[in-house]
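# only the shape, not the letters, is given here:
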């Protein structure tokens, strides 16, 4: 049970990172390394992380469809941790 929640948490974090990477790559003119630095300087890093978590919604739905409820709970935990981190950043 705890192992499945941890796997879901890791999946949720990596999915959010992938979503943030895809957003920076396709919707900005920056490359990833300089883009993150400029976005952090302008104070938009929390918003980029929040946009990146939109992919977690699809992962959550897929996990529920496959009856992986504990992994889906881990994805929700990752979203909660990322939401709290955007308040700090």
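Yep, that arrived. This structure is a prediction, so every number in the text was calculated from the model and none was measured.
# I'd say residue 39 and residue 51 touch.
No: if you go by C-beta atoms under 8 Å, residue 39 and residue 51 don't touch, sitting 11.0 Å apart. Glycine gets a C-beta too; all of them are placed from N, C-alpha and C.
# higher neighbour count, the two?
residue 39 (20 against 17; other C-beta atoms under 10 Å).
# show me what the helix or strand harbouring the more buried one is in contact with.
In the assignment (DSSP states H and E), residue 39 maps to helix 32-42. Applying C-beta atoms under 8 Å, 6 or more residues apart in numbering, the contact partners of helix 32-42 are 21, 24, 25, 28, 30, 45, 48.
# and if we set it to 6 Å?
For helix 32-42, contacts defined as C-beta atoms under 6 Å, 6 or more residues apart in numbering pick out 24, 28, 45, 48.
# and the gap between the residue positioned nearest the centre of the chain and residue 41?
With distances taken as C-alpha atoms, centre = their mean, residue 16 lies nearest the centre of the chain, 1.8 Å away. The gap separating residue 16 from residue 41 is 21 Å, by C-beta to C-beta, to the nearest Å.
# give the residue spans of this protein that score low on pLDDT.
89 (pLDDT under 70).
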